[in-house]
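Colleague: Fold the following and give me the result.
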Amino acid sequence: SERNFVPGKPCKHHLVYMVLVPFLIHTNVPEKVCIQLTHLNESVTLSATLEYAGENRSLIADVVSEKDVFKCVPFTLPKSNSSSSAFLTVLVKGPMLEFRSRKSVLVKNSKSLVFVQTDKPIYKPGQTVLFRVVYLDENFHPLNRLVSMLVIKSSVRGKG
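Modeller: Predicted structure coming up:
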């Protein structure tokens, strides 16, 4: 999927950072945000928050003491009533430095397709019907979902 790159920005302490997040986030699909910090000279608190559908979701809140850090955090957004945007805020705070980055990302409800495949196109009365149900995403990749309910209606037609 497409990604937004927030370019690394040097500051007076020579810290460079990069935030990698999908440009388009699909609901009910596992996504990741990745954060890279380099040339840290002190321990800092790293936090990332996603504002979506009126809620603030904390994705990460860690104290980082390594000089170079690369972290990826998985998350999944629930389906919403409409496609909208979300805001990702990354905050790095230490005794000598503090910076914040806030970026907008588009959120779209994921669509899935359901196919029912039978073993043959036409059946005679009384024959057993063999079938399978396949879930695909909008890119026709298989989804690993369980069918929670399957209703089969059989119509009996008289000879005519």
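Colleague: and the host helix or strand of Val73, C-alpha only, in CSV?
Modeller: Assigned by DSSP states H and E, Val73 falls within strand 69-75. The C-alpha trace of strand 69-75 is given here as CSV (Å, rounded to 0.1, in the frame of the first residue of the first chain):
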residue,chain,number,x,y,z
VAL,A,69,15.6,3.4,17.4
PHE,A,70,13.2,1.8,14.8
LYS,A,71,9.8,0.6,16.0
CYS,A,72,6.8,-0.6,14.2
VAL,A,73,3.4,-0.7,15.9
PRO,A,74,0.4,-2.7,14.6
PHE,A,75,-3.1,-1.3,14.9
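Colleague: Quick one: list the elements packing against the helix or strand hosting Ser58.
Modeller: Element membership for Ser58 (DSSP H and E) is strand 55-64. Applying 3 or more C-beta pairs under 8 Å, 6 or more residues apart in numbering; DSSP states H and E, we find strand 55-64 packed against strand 31-38, strand 44-52, strand 69-75. For the C-beta atoms, the positions are set from N, CA and C on the backbone; glycine is no exception.
Colleague: try it again with 6 Å
Modeller: Judged by 3 or more C-beta pairs under 6 Å, 6 or more residues apart in numbering; DSSP states H and E, the packing partners of strand 55-64 are strand 44-52, strand 69-75.
Colleague: which residues touch the last one?
Modeller: Contact partners of strand 69-75, identified using C-beta atoms under 6 Å, 6 or more residues apart in numbering, comprise 30-37, 59-60.
Colleague: what do you get for stretch 98-107?
Modeller: Contacts of stretch 98-107 (C-beta under 6 Å, 6+ apart): 6, 21, 24-25, 84-92.
Colleague: By neighbour count, sort out the buried ones in these.
Modeller: Neighbour counting with 16 or more other C-beta atoms under 10 Å marks 6, 21, 25, 86, 88-92 as buried within those.
Colleague: All the helices of the protein, residue numbers only.
Modeller: Along the chain, counting by DSSP state H, no stretch forms helices.
Colleague: Quick check: which ranges of the protein have low pLDDT?
Modeller: 1-14, 83, 147, 149-150, 154-160 (pLDDT under 70).
Colleague: and of the buried ones among the contacts of stretch 98-107, the nearest to Thr76?
Modeller: For the buried ones among the contacts of stretch 98-107, the minimum distance to Thr76 (C-beta to C-beta) is 9.4 Å, reached by Ile25.
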